[in-house]
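Asker: Build me a model from this:
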Amino acid sequence: MPVIYYRKRAYTSYLASQTWHTKRTAALQRAGQRCQWIGEGERCAVTVGLHVHHVTYKHFGRERAADLLVLCRAHHEYVHGRKIGR
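Answerer: Have a look, this model is predicted:
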């Protein structure tokens, strides 16, 4: 099995896990259910359709609070430089 396929499958499986759900919920609560992007001196006001972005994958599966950033779809796509499927 190619490594890229395996990693994508493992990542997708992890995002469906209770462990990720718990960490995602905690990140959303810490962010006050609002995008954490700060631009032009003001924080983004979007509160719906939020994504939890991995700032780093160094601790993948055992993420720390600082490893996760709550972003709206537009800012998540901006960070990645491409459209995001979720």
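
Asker: can you map out the helices along this structure?
Answerer: 3-15, 18-30, 73-80 (DSSP state H).

Asker: okay, those, which one's buried deepest?
Answerer: Most buried of the helices of the chain, by mean neighbour count (mean count of other CB atoms under 10 Å): helix 73-80, with a mean of 16. To be clear about C-beta, it is placed using only N, CA and C from the backbone, and glycine gets the same treatment.

Asker: gap between that helix and the chain center?
Answerer: 10 Å (CA atoms, centre = their mean, to the nearest Å).

Asker: What's the mean pLDDT across it?
Answerer: Here helix 73-80 scores 94 as its mean pLDDT.

Asker: And for that helix, what's in contact with it?
Answerer: Identification of contacts with helix 73-80 by CB atoms under 8 Å, 6 or more residues apart in numbering yields Cys35, Trp37, Cys44, Val46, Gly49, His51, His53, Leu71, Lys83, Ile84.

Asker: and which of the residues you listed is nearest His59?
Answerer: Ranked by distance to His59 (CB to CB), those are led by His53 at 14.0 Å.

Asker: My understanding was that the closest one contacts Asp67; is that so?
Answerer: No. Between His53 and Asp67 no contact is recorded; they are 9.5 Å apart, counting by CB atoms under 8 Å.

Asker: in this protein, which segments are predicted with low confidence?
Answerer: Scanning the chain for pLDDT under 70 picks out 1-6, 86.

Asker: quick one: contacts for His53?
Answerer: His53 is in contact with Leu68, Leu69, Val70, Leu71, His76, Val79, counting by CB under 8 Å, 6+ apart.
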